[in-house]
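> Return a 3D structure for these sequence lines:
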Amino acid sequence: MTAGSRGDVAPYTGLGYGLSRAGHEVTLVTHGRFAGLVEGSGVGFHPLPVDPRTELESTRGRGLHRSASGVGKLLRVVELARRLVGRMTDDLLAAAQASDVLLLSGSLAPIGHTIAEGLRLPSMGVYLQPLAATREFAPPVLGGGTWGATGNRIAGHGVNLAVEQVFASTVPALRTRLALPPQRSGAARRARERRLWPVQHGFSPQVVPRPRDWRPGLGVCGYWWPYDGAARLPDAVRAFLDAGPKPVFVGLGSATVPDARRLSGQVMAALRKAGLRGVIQSGWGGLTADGDDMLTIGEMPHSALFPRMAAVVHHAGAGTTAAGLRAGVPAVPLPIQFDEAFWAARLVGLGVAPAAVPLRGLSVDALAGALRRATREPGFAERAGELGRRIRDEDGVTPVAAAVADLAQ
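Reported below is the predicted structural model:
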């Protein structure tokens with residue numbers, strides 16, 4: 001069960017595919033617009049009614065761009081999510097009633113755990129970000145970095161309390177519906193901690209090592225690669241790639257932007273100033289490009305496209321960050337909000353990106369300068385290639401399959 005944008009869904013198509021190959025019958029429970037992501041994978045699909053793109057493009061969704069701080073954006077998204085979660089409850093419950101084990105993303109863990117308790121089903125977390133509080137870094141959703149050991153841990157607990165507030169008006173009624181006793185706010189989370197509720201995290205320990213102060217039961221197992229079948233690029237894309245030097249990919253995934261036309265112009269100007277060709281993915285932000293040295297594309301499998309790029313410019317969402325690392329190419333992160341600054345800082349720290357260029361306050365000169373370094377200084381390609389080889393050798397599915405087998409028994 002997962003909710004959110006495409007990046008919050010796509011990794012679970014690969015995890016589901018891997019679990020189905022291990023002999024399990026798997027159903028992905030998420031927004032209806034993502035049904036096509038599991039086609040041909042052998043994974044079932046149960047749609048949820050909320051359309052995340054519609055919500056992000058609404059007046060309230062676009063209000064996220066008015067907050068400059070991580071805390072401000074978190075408060076806005078909590079309020080937005082609170083208004084939506086009640087619309088998904090019936091479908092989450094119906095899907096669970098047809099299941100034996102529940103695997104819950106971080107975005108739905110509080111309500112999913114309540115459903116599991118009410119139906120007496122075993123459950124575990126399958127998270128894409130490190131959500132448990134730690135002294136080692138500040139909460140990714142607030143931009144990461146560090147506020148000192150004590151500050152990091154306090155902030156981590158604060159973020160988890162804020163996430164609980166998303167479900168504060170839905171869970172009590174659901175507990176009544178499932179004949180469960182009333183429970184104070186935060187009690188379920190504390191109970192999960194005491195019982196060492198298992199969580200596997202779908203990112204590489206080479207990118208984020210498991211924090212030393214995490215409790216037992218919290219594992220970091222490696223990335224879950226989206227299912228993409230026999231990924232193949234369209235003829236027009238292959239023709240563009242073959243017509244000249246390796247281009248640079250630019251895409252912001254499911255992120256929306258305040259002024260797509262202005263941003264598209266800045267991106268093209270920066271690429272041309274750096275002497276580079278570009279492949280521009282429209283995404284939910286609606287980016288476009290023109291000219292013989294630029295190609296605008298729609299949705300396309302990163303696994304087929306990224307290895308043919310000189311570098312990838314992206315918003316540093318968890319999924320796109322992973323795809324770039326897997327391809328072994330340098331990155332130029334353009335973080336916009338939430339955990340993107342955290343992943344951008346990781347790319348810089350790993351030596352596969354010259355610098356983060358935040359979208360707020362973006363300039364053509366700053367982006368062009370980062371592009372020149374990423375594509376012309378050989379160290380970035382060398383480090384990216386080596387890290388990519390190590391990450392491709394990891395197996396993130398097997399630890400989850402083993403945990404599911406334990407739960408099923």
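
> For M300, see how far away D8 is.
Separation of D8 from M300 (Cβ to Cβ, to the nearest Å): 19 Å. Every residue, glycine included, has its C-beta placed from N, CA and C.

> Among the two, which residue is more densely surrounded?
The residue with more neighbours, out of D8 and M300, is D8; 24 against 19, by other Cβ atoms under 10 Å.

> looking at it, A138 is touching A149, isn't it?
No - judged on Cβ atoms under 8 Å, A138 makes no contact with A149 at a distance of 10.5 Å.

> Look at those two and report which has more neighbours.
The neighbour comparison of A138 against A149 (other Cβ under 10 Å) goes to A138, with 23 against 13.

> can you pull the contacts of the more buried one?
Shown in contact with A138 (Cβ atoms under 8 Å, 6 or more residues apart in numbering): 144-147, 151-152, 155-156.

> now the protein, which segments are flagged as low pLDDT?
Applying pLDDT under 70 to the chain flags residues 53, 55-83.

> Kindly report the domain assignment for it.
Domain ranges of the chain: 6-223+394-408, 235-392, per automatic domain parsing.

> Quick one: closest of those to G229.
Closest approach to G229 among the domains of the chain is made by domain 6-223+394-408 (5.2 Å; Cβ to Cβ).

> Can you get me the start-to-end distance on that closest one?
From its first residue to its last, domain 6-223+394-408 covers 29 Å (Cα to Cα, to the nearest Å).

> try stretch 30-42
16 Å.

> got the contact list for that stretch?
Identification of contacts with stretch 30-42 by Cβ under 8 Å, 6+ apart yields 1-3, 6, 9-10, 12-13, 16-17, 20-21, 26, 28, 44-45, 47-53, 226-227, 229.

> about what we covered before: out of the contacts of A138, which end up buried?
144, 152, 155-156 (16 or more other Cβ atoms under 10 Å).

> Cross these against helices and list the overlap.
Mapping those onto helices (DSSP state H) picks out 152, 155-156.

> out of the residues you listed, who's nearest R212?
Using Cβ to Cβ, N152 comes nearest to R212 of these, at 12.7 Å.

> The closest one against F137, yeah?
Yes - N152 lies in contact with F137 (Cβ under 8 Å); the separation is 5.9 Å.

> how about the residue nearest to P358 when sequence neighbours are not counted, what does it touch?
What sits nearest to P358 in space, not counting adjacent residues and going by Cβ to Cβ, 6 or more residues apart in numbering, is P335, at 5.5 Å. The contact partners of P335, by Cβ under 8 Å, 6+ apart, come to 143, 315-316, 341, 343-344, 356, 358-359.

> hey, what's in contact with both of N152 and F137?
Common neighbours of N152 and F137 (criterion: Cβ under 8 Å, 6+ apart): T146.

> if we can go back for a sec, redo the buried ones among the contacts of A138 as CSV? Include distance to V248.
Output for those, formatted as CSV (distance: Cβ to Cβ, whole Å):
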residue, distance to V248
G144, 25
N152, 35
A155, 35
G156, 35
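
> of those residues, closest to G112?
G156 (20.6 Å).

> In contact with the closest one, which residues?
132-134, 138-139.

> Greatest separation within those: which pair is it?
Greatest spacing in those, by Cβ to Cβ: A132 and A138 (12.9 Å).

> Out of the contacts of G156, grab the one that's most surrounded.
When the contacts of G156 are compared by neighbour count (other Cβ under 10 Å), P139 ends up highest, at 29 neighbours.

> That residue and A155 touch, don't they?
Yes - contact between P139 and A155 holds when scored by Cβ under 8 Å: they sit 5.4 Å apart.

> shared neighbours of these two, anything?
Common neighbours of P139 and A155 (Cβ under 8 Å, 6+ apart) are A133.

> Where do the helices of the stretch 1-150 of the chain begin and end?
10-21, 52-57, 59-62, 70-85, 89-97, 109-119, 149-166 (DSSP state H, counting those that start in this stretch).

> Around the closest residue to L15 other than its chain neighbours, how many other residues sit close by?
Here the nearest residue to L15 in space, its sequence neighbours aside, is W224; by Cβ to Cβ, 6+ apart that works out to 4.0 Å. Using other Cβ under 10 Å, W224 is surrounded by 26 other residues.

> surely W224 meets V9?
No - in this structure, W224 is not within contact of V9 by Cβ under 8 Å, at 11.2 Å.

> re earlier: possible to save the helices of the stretch 1-150 of the chain as a markdown table with distance to P378?
Converted to a markdown table, those look like this (distance: least, Cβ to Cβ, whole Å):
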| stretch | distance to P378 |
| --- | --- |
| helix 10-21 | 31 |
| helix 52-57 | 39 |
| helix 59-62 | 41 |
| helix 70-85 | 34 |
| helix 89-97 | 50 |
| helix 109-119 | 43 |
| helix 149-166 | 35 |
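
> and the gap between Q409 and S204?
Taking Cβ to Cβ, one finds Q409 at 29 Å from S204.
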